[in-house]
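> Sequence first, then the predicted structure:
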Amino acid sequence: RVAVVGAGLSGMTAALDLARKGRTVTLLTARDAAGGSLRRRVDVPAEVLAGAVDLLTGYGVRLETDASLTAAMLESLANDHDVLYLDFEDLETGLLPEGLGRPDPLTLALARPGWFGGGSLAGGGFSLIGQVEAGRRAALTIERFLQQVSITAQRDLEGTRTTRMHTVVDGIAPLAAVVP
């Protein structure tokens, strides 16, 4: 069982990826609806967020809104679940226990076993694609953690890197632009 605390884009992405793999996921937010920074920073239309929630619940994710999130609640969630993922973009950091540290850049693991975190604290400012990437990265790490295999093996090539791949377009005539 996985508890995802914070229903921003990172949390929703992690919840979806894990539910698609058959994991039991509970997604909690202190707010009245899922969306986190998508509602506050980007102003995504309510019907779009409703569609995202429908997709999540369709995969079996249990969504709890208006959750009373406290430090004691986080401890309780950690005791009742195998894994805790914290979406820092939709979470008050003041309620976090001391000594969690910052998320590992590769695995998003925190200092406590079974605790992971992503979002703005995990690597710089707000970015939509960065939020999705954090959710996907967390889901991969959490799946490995639950399978009790290495969460770092074979991950050294993740992220941006130089490549020798290139595309040769010499001798190829350009086509006319497509106008919708």
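Sure, I can see it. Numbering: from 1, shown residues only.
> And what about residue 18, helix, strand or coil?
helix (DSSP: H, G, I helix; E, B strand; the rest coil).
> Could you pull up the contacting residues of it?
2, 4, 25, 139, 142-143 (C-beta atoms under 8 Å, 6 or more residues apart in numbering). Yep, even glycine has a C-beta here, placed from its N, CA and C like the rest.
> same check, this time on residue 2
15, 18, 23-26, 81-85, 142, 146.
> Same question for residue 11.
4-5, 27, 29, 36, 85, 87, 89-90, 118-119, 135.
> Serialize these to a markdown table and add fields for secondary structure and neighbour count.
Output for the contacts of residue 11, formatted as a markdown table (DSSP: H, G, I helix; E, B strand; the rest coil; neighbours: other C-beta atoms under 10 Å):
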| residue | secondary structure | neighbour count |
| --- | --- | --- |
| 4 | strand | 36 |
| 5 | strand | 27 |
| 27 | strand | 29 |
| 29 | coil | 25 |
| 36 | coil | 26 |
| 85 | strand | 31 |
| 87 | strand | 33 |
| 89 | helix | 25 |
| 90 | helix | 29 |
| 118 | strand | 32 |
| 119 | coil | 29 |
| 135 | helix | 27 |
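> Can you tell me which of these comes closest to residue 53?
Closest to residue 53 out of the contacts of residue 11 is residue 27 (9.2 Å), distances taken as C-beta to C-beta.
> Wait, residue 25 touches residue 5, no?
No: here residue 25 does not reach residue 5: they are 11.4 Å apart, not a contact under C-beta atoms under 8 Å.
> For the protein, name the helix or strand with the lowest mean pLDDT.
helix 37 (a mean of 80; mean pLDDT, DSSP states H and E).
> Which parts of this structure are helices?
Along the chain, counting by DSSP state H, helices occupy 9-20, 37, 46-58, 71-80, 128-146.
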